[in-house]
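Based on what follows, work out the 3D shape:
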Amino acid sequence: MRLPSDVGRLLESGARVTWKCSDCSASAEVDLRPIAQRLGYRFDLRNQHPPCKRPGCPGRVTFYTSLGIRSEALRSPGADRSDLVAATYPEAMTLHAHGWRIAGGLWRPPVRGRLAEPRSRA
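Below you'll find the predicted structure:
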């Protein structure tokens, strides 16, 4: 039996919902009441990957729900990480265009004050 994934049923069941970032591994518990007020009780958290709450982190979060000792990621059956990649790709392209680079598996900010070398006209 799968745990519920919409906000209303999660609130009714008393399930604990947490999020975890794919990049920085930050995590925290989710307060479902503001989500229910803003997006409605039928809003489904499955396959939702909002930006990380940690300042400066370009990662996306995945929601996890637990009831007792059982815990699972809120993903559709058979879903792979392609939905997360699709969510992060546009942001990755924007970061890359602004000088950010991936080094050692982490996003590194652009180096300030370094000028590009002029191209020769050969």
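
Helix, strand or coil: sort out the closest residue in space to E12 that isn't next to it in sequence for me.
Leaving aside its sequence neighbours, E12 sits nearest to P4 (C-beta to C-beta, 6 or more residues apart in numbering; 8.0 Å). Just so you know, the C-beta spots here come from the backbone N, C-alpha and C atoms, and that holds for glycine as well. Here P4 is recorded as coil under DSSP: H, G, I helix; E, B strand; the rest coil.

Return the residues in contact with P4.
If you count contacts by C-beta atoms under 8 Å, 6 or more residues apart in numbering, P4 has them with L10, E12, S13, A15, T65.

what's the distance between it and K20?
According to C-beta to C-beta, to the nearest Å, P4 and K20 sit 19 Å apart.

and which of the contacts of P4 is nearest P55?
T65 (25.9 Å; C-beta to C-beta).

Could you name the helices and strands sitting against whichever helix or strand that closest one is part of?
Element membership for T65 (DSSP states H and E) is strand 61-67. Judged by 3 or more C-beta pairs under 8 Å, 6 or more residues apart in numbering; DSSP states H and E, the packing partners of strand 61-67 are strand 16-21, strand 70-73.
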